[in-house]
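[1] Build the 3D model from these lines:
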Amino acid sequence: MPNTQEGQPGRTDVNTLGEFGLIHHLTKAFPIRNASTIKGVGDDAAVIDNRGLQTVVSTDMLVEGIHFDLGYTPLRHLGYKSVIVNLSDIYAMNAQPRQITVSVALSNRFSVEAMEEIYAGIHKACEIYGVDLVGGDTTSSPRGLVISVTAIGQAKKEQLVYRSGARPGDLLCITGNLGAAYMGLQILEREKQIYLSDPNIQPNLEGHDYLIERQLKPEARRDMIEAFAKAGLLPTAMIDISDGLASELHHICQQSGVGVLLEESGVPIHQDAQFQAIDFNLDPITVALSGGEDYELLFTIDPKDVDKVKYMPDLYIAGEVTPADDGLKLNSKGGKLHEITAQGWVHFKPNA
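    Model (predicted):
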C-alpha cells in the first residue's frame, strides 16, 4: 500500500494494481447476501437464479461536471448515491433490488485511495439495502470520472407496477417531501462560488444539514414498498421522483393516457426547503415541481384503497387522475388552475 511522508497517507497509482487487481482490491470485502446470487464478482459473468420471478433491470450513469461536482461532493457519498439512484428505480416498479454491477471510468488524477472511498460508499449502500455487487468494469477516461450502476431486482409478475396503469378517478399520492435536494444543491453551489471568489472565506453550511444531506446522501423508499406489501396495497401506477414532480407527472399521464389535477396544498415541502426557497427568491411549489433528485415515490391508487394509505406515515394524497382531455393542472392555494409544464433536469447540454 502507499508510502507515507511526514505522517500523511501516500497516493497509490491505479496502474500499480492493473485493471483486474484493482477490481479485486475494491470488491473483495463485498459479501453475498441474496440466495438468488449464484456467482458474483470473479468470473466472466455473474449468475443469478430468480426462481420464476420477474427480473427488473435499471441503469443510471453519473458523469462528473454533469451530475456531480467533486468540489463539494465527498467520494464516499458519491459512491453511496450512485447506488441509491438505481435502487430507487427498482422500488418504483414495486420490486426488490437484489444485485448491482458498477462500472467506473476514471482519469489519472484518481488514485487507488480515491477509488477506495467511492467503493466504501457503494459497500455501505449494499449493506443497508441488502444487495449484492456481482460485477462491473473499470477503464480509463481522458478526463474526469464516470460511474455507471446497473441494478437488478425481482418481483412476482402480478406485483409489478408500471407507469401506464393510472385511470381517471385514481388518487395521486406522494411520499416524503420535495424540493429539499434542489435547495441543498443551491446552497452548495452558492458557497462554492463564494469560495472561488475568495478562498479565504470558508463555506458556511451551518443550519442546512437536512437540505445538504438530501442532495449528497439521498435514500431510496424501500420502507414504502414494504408498507405497501404489509397493507396489501398495489398502486395502479408508480414512478420515482428523480427529475422533478412535474416531469414525473407528465411521464405517468403520457404512459397512462390520462390527465391530472394536482392540489398545491397537497404537495409536501419540508419547512427548511420552504424557508430556503424564499431566501433565494424562489417559489417553493416551483422548486418542488422542477427541482429533482428527491427520490421519493409518486404513485396512483384506486379510490377503494384509500383506507390502506390513510394512516401510512410520510405519505400524502395530493390530487386526482383525470381524463386526458383535462390536461395536467395545478390547483393553487389561491384557487386558480395552472398548466403543469415539465421543467425537470436537462440531461443533455447544448454545445458551447
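[2] Could you list the low-pLDDT ranges of this structure?
    Counting by pLDDT under 70, the low-confidence segments of the chain come to 1-9, 17-24, 39-46, 343-352.
[3] how about the helices in it?
    Per DSSP state H, the chain carries helices over the ranges 18-27, 75-91, 112-129, 180-197, 209-216, 222-231, 245-256, 271-279, 284-290, 306-309.
[4] May I see those helices organised as a markdown table, with mean neighbour count and distance to Pro168 added?
    C-betas here are computed from N, CA, C, even on glycine. A markdown table is the format used below for those (neighbours: other CB atoms under 10 Å; distance: least, CB to CB, whole Å):
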| stretch | mean neighbour count | distance to Pro168 |
| --- | --- | --- |
| helix 18-27 | 16 | 49 |
| helix 75-91 | 24 | 26 |
| helix 112-129 | 19 | 35 |
| helix 180-197 | 18 | 31 |
| helix 209-216 | 20 | 33 |
| helix 222-231 | 17 | 22 |
| helix 245-256 | 21 | 9 |
| helix 271-279 | 18 | 31 |
| helix 284-290 | 23 | 22 |
| helix 306-309 | 14 | 16 |
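[5] Specify the stretch among the ones you listed that is closest to Ile239.
    helix 245-256 (4.8 Å; CB to CB).
[6] any residues touching that closest one, and which ones?
    The set of residues external to helix 245-256 that reach it, using CB atoms under 8 Å, 6 or more residues apart in numbering, is 162-167, 174, 178, 237, 239-242, 258-260, 262, 267, 288-290, 292, 294, 298, 300, 321, 324, 328, 340-345.
[7] Go again with 7 Å.
    Here helix 245-256 makes contact (CB atoms under 7 Å, 6 or more residues apart in numbering) with 163-166, 178, 237, 239, 241, 259-260, 262, 267, 288-290, 298, 328, 340-344.
[8] Now tabulate the helices of the chain in a markdown table and tack on distance to Arg51.
    As requested, the helices of the chain are arranged in a markdown table below (distance: least, CB to CB, whole Å):
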| stretch | distance to Arg51 |
| --- | --- |
| helix 18-27 | 25 |
| helix 75-91 | 17 |
| helix 112-129 | 20 |
| helix 180-197 | 36 |
| helix 209-216 | 36 |
| helix 222-231 | 18 |
| helix 245-256 | 29 |
| helix 271-279 | 42 |
| helix 284-290 | 40 |
| helix 306-309 | 28 |
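[9] closest one to Leu62 among these?
    Closest approach to Leu62 among the helices of the chain is made by helix 75-91 (5.4 Å; CB to CB).
[10] and that closest one, how far out from the chain's middle?
    Centroid separation for helix 75-91 versus its chain: 6 Å, with CA atoms, centre = their mean, to the nearest Å.
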